[in-house]
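Student: pasting the sequence and the predicted coordinates here, then a few questions.
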Amino acid sequence: MMPSAGTLPSLSATAFATAVAVATWMAAAAWPELRAALHAARRRRDGQDGQGGARGSLAWGRWRRWTRSRPTWVAALAAPRRPVAGKAVDAAAEALESVLVTVIAHLQAGRPLRQAWVEAAREVVAPVLEPAKAEFVAGLSAGLSLDEALGQWYERTRLRALRRCQAVAAAHRRTGGDATGPTLAVIHGLREQRLAWADVAARTAEARLSARLLALLPVVVTAYALALDPAFVRPLWNDPLGRWGLSYGVASWLAGIYLLRRLAGTLAGTGGSW
């Protein structure tokens with residue numbers, strides 16, 4: 001039964017208010033993903049400038065450490081984030097880049113490679129590298145060669161950049177020469193890997209946002225139809241064929257959410273072991 005002419009304004013106002021409320025909620029739910037994409041784009045731009053150095057890059061990971069409490073029904077639609085272990089590896093790579101930049105500074109000041117590493121490890125405060133960094137300094141103090149100490153550090157953290165630093169130290173111990181160039185090459189390689197992951201993170205944030213909007217679209221359309229006139233959707237539960245179609249639609253919607261979450265989770269799980 002269609003509504004009378006007198007009730008049309010109130011129904012239209014209700015439908016408009018419902019649409020505004022749903023749009024506001026969708027914008028609030030999507031804001032974290034938009035902010036993450038903006039931060040990732042800023043990280044790529046700053047890294048390509050190449051002038052900030054690794055000390056400034058320590059701030060790149062701060063945006064990842066924010067937390068946001070959400071109701072359960074919102075979390076059910078939220079795509080999975082990157083695993084905590086992956087975030088810890090990112091933070092360790094940032095801190096290691098800061099250590100390497102400090103090593104370069106000491107080398108340019110005329111200190112030997114071994115002393116440059118010792119002083120850099122002591123100067124850079126990076127809890128994410130502990131206790132492996134403290135054990136590295138202790139090993140050097142106990143008489144280990146630099147490449148042996150770096151090898152032990154690598155075994156504890158599995159940061160591939162440390163393996164490359166170990167190769168630089170071993171070559172320097174055998175042949176001598178200036179280690180600044182090879183160490184800079186390690187820094188550049190580490191930074192390129194991290195910028196590549198920043199690009200993946202930005203694309204993952206965009207994929208999460210698209211998945212969330214796709215998942216919410218049927219809910220928005222149904223809510224709008226109910227607010228406009230419940231008679232539009234009444235056949236979905238009054239008619240047997242309508243009930244079958246409604247069940248199929250809900251099952252397809254839930255399956256779509258599951259597949260989108262799996263896809264976003266696969267994207268979030270990518271990224272390097274530095």
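Tutor: Sure, I can see it.

Student: tell me the SS of Leu144?
Tutor: Classification of Leu144 by DSSP: H, G, I helix; E, B strand; the rest coil places it in coil.

Student: neighbours around Ala91, how many?
Tutor: Ala91: 20 surrounding residues under other CB atoms under 10 Å. Backbone N, C-alpha and C define where each C-beta goes, glycine included.

Student: tell me which helix or strand it sits in.
Tutor: Element membership for Ala91 (DSSP states H and E) is helix 84-108.

Student: all helices for the stretch 101-250 of the chain, in order.
Tutor: Counting by DSSP state H, counting those that start in this stretch, the stretch 101-250 of the chain has these helices, from start to end: 113-123, 132-141, 146-157, 160-175, 180-228, 235-238, 240-268.

Student: including mean pLDDT and mean neighbour count, could those helices go into JSON lines?
Tutor: Shown next, in JSON lines, are the helices of the stretch 101-250 of the chain (pLDDT from 0 to 100; neighbours: other CB atoms under 10 Å):
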{"stretch": "helix 113-123", "mean pLDDT": "90", "mean neighbour count": "19"}
{"stretch": "helix 132-141", "mean pLDDT": "90", "mean neighbour count": "17"}
{"stretch": "helix 146-157", "mean pLDDT": "89", "mean neighbour count": "19"}
{"stretch": "helix 160-175", "mean pLDDT": "87", "mean neighbour count": "18"}
{"stretch": "helix 180-228", "mean pLDDT": "80", "mean neighbour count": "17"}
{"stretch": "helix 235-238", "mean pLDDT": "78", "mean neighbour count": "12"}
{"stretch": "helix 240-268", "mean pLDDT": "78", "mean neighbour count": "14"}
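
Student: nearest to Val89 among those would be which one?
Tutor: Across those, Val89 has its closest neighbour in helix 146-157 (8.8 Å, CB to CB).

Student: and the contacts of that closest one?
Tutor: 92, 113-114, 117, 129, 132-133, 135-136, 139-140, 144, 159-160, 162-163, 165-167, 169-170, 172-173 (CB atoms under 8 Å, 6 or more residues apart in numbering).

Student: dump it to CSV, restricted to CA.
Tutor: The C-alpha trace of helix 146-157 is given here as CSV (Å, rounded to 0.1, in the frame of the first residue of the first chain):
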residue,chain,number,x,y,z
LEU,A,146,83.3,-6.6,13.8
ASP,A,147,82.0,-9.0,11.1
GLU,A,148,81.6,-11.8,13.8
ALA,A,149,79.6,-9.5,16.1
LEU,A,150,77.5,-8.3,13.2
GLY,A,151,76.9,-11.9,12.2
GLN,A,152,75.6,-12.7,15.7
TRP,A,153,73.4,-9.6,15.6
TYR,A,154,71.9,-10.9,12.3
GLU,A,155,71.3,-14.3,13.8
ARG,A,156,69.3,-12.7,16.6
THR,A,157,67.2,-10.3,14.5
